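What follows is a predicted protein model with its sequence.
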Amino acid sequence: MCKLLEKDAKFVFDKKCLKAFKELKQKLTTTPIIVIPDWYLSFELMCDASGIAIGAMLGQRHNKVLHPVYYASKTLNGAQMNYTMTEQELLAIVYAFEKFWAYLLGSKLIVYTDHAALHYLIEKKDAKPRLIWWVLLLQEFDFEVKDRKGTQNQVVDHLSRLEDAGRPKGDLEINDAFPDEHILAPSSTFTPWYADIANYLVSDVISDGLESYQKKKFLRDCRQCYWEEPFLFRVCANNIIRRCVPEEQIMPILKACDDSPVGGHHGGNRMVAKVLECAVDYVSKWVEAIALPNNEAISVTTFLKKNIFTRFGTPRAILSDGGSHFCNKVFTGLLEKYGVKHKVATPYHP
């Protein structure tokens, strides 16, 4: 029936549509049955997205049992299918808020999602413009985002996945040409260091043999991580999200960052240079620049003697701003020694 809702589609309600309609009515009238919303209770919203559709369920708890109030799902168009998983998950939340707007406006709401990155994305200020726009649309609602494992989010997980009953289901053929010597048995050497954390986030299983203090530290580490198939991510300071990598990938990554031609590390002595001292010739516009460890008078005068006076000769005058690194006794004494006139530019109008 989803294809009947497409633009310019011919409305042909055939036997397949009738069968799907009857099955849908049966599903919606059996346990757990839909209830009328109680405006004195808070709402709970569960959302999920797959590569082809998004789904949402609005519900309320009666005697600690969640009862559905409204189901909604929508197939994605071609452009939306190209969204990243984070964008699709946030799109599912935006779609649910637009669909259930009359229920949610002015009500306290808890949003459950199995995509933990959304919890930090809503607080992040430098995301993509499209994601920021969606987050702004949600600001008029009073809601709280909570994480929920995919195994506990099965209601909307089914709504976001379409089943093609007409597609033939056949067994895949085994490729006998695969060399036997390339078939590797599972080995502990291939188990990544974060396997226990991933197992807990996916299936809520804690490794055996942990002491009480080890279990507390393990659970504390798990709260800072989330699983997005097939990677584990850790939320660091300032909501910076980093992907966890296995041991065999650590050294190649460090070598690419530090030892490659485009690496960013040039040794400890080079990294401490935090100030860029720049001099420009007034006529030719020739630029001389050097990185200095600080902006003190000694560093500035050393730059003038070593990079300017000894190479190009002493200038008639030096034009600078009114900073303390230029207006001091050491700098003034150097210019008087070489007979150079010092001119201070007007603030904000050099």
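That came through fine. Numbering: from 1, shown residues only.

By mean pLDDT, flag the weakest helix or strand of the chain.
In the chain, the helix or strand scored least confidently by mean pLDDT, DSSP states H and E is helix 154-159, which has a mean of 54.

so where's the stretch 201-350 of the chain shaky on pLDDT?
Low-confidence segments of the stretch 201-350 of the chain (pLDDT under 70): 262-272, 348-350.

Which stretches in the stretch 201-350 of the chain count as helices?
Taking DSSP state H, counting those that start in this stretch as the criterion, the stretch 201-350 of the chain carries its helices at 212-222, 247-258, 268-271, 297-303, 310-312, 329-338.

Point out the other helices and strands that the fourth one packs with.
Translated: helix 297-303. On a contact count with 3 or more C-beta pairs under 8 Å, 6 or more residues apart in numbering; DSSP states H and E, helix 297-303 meets strand 275-280, strand 287-292, helix 329-338. The C-beta positions use only the backbone N, C-alpha and C, and glycine is treated the same way.

contact partners of it?
Identification of contacts with helix 297-303 by C-beta atoms under 8 Å, 6 or more residues apart in numbering yields 275, 277, 279, 290, 292-293, 325-326, 328-331, 334.

One more pass at 6 Å, please.
Contacts to helix 297-303, defined as C-beta atoms under 6 Å, 6 or more residues apart in numbering, come from residues 277, 290, 292, 325, 328, 330-331, 334.

secondary structure class for Lys146?
What DSSP: H, G, I helix; E, B strand; the rest coil gives for Lys146 is strand.

Across the sheet, point out what pairs with it.
The partner list for Lys146 in beta bridges (DSSP bridges) reads Tyr112.

distance of it from Ala56?
Note on Lys146: its distance to Ala56, by C-beta to C-beta, to the nearest Å, is 15 Å.

How about Gln26?
From Gln26 across to Ala56, the span is 21 Å (C-beta to C-beta).

more crowded one of the two?
Using other C-beta atoms under 10 Å as the criterion, Gln26 and Ala56 rank with Ala56 on top: 26 against 9.

can you tell me the helix or strand for that one?
Remark: Ala56 resides in strand 53-62, with elements defined by DSSP states H and E.

Output the contacting helices and strands for that strand.
In this structure, strand 53-62 packs against strand 43-49, strand 65-75, helix 85-99, helix 154-159, with contacts taken as 3 or more C-beta pairs under 6 Å, 6 or more residues apart in numbering; DSSP states H and E.
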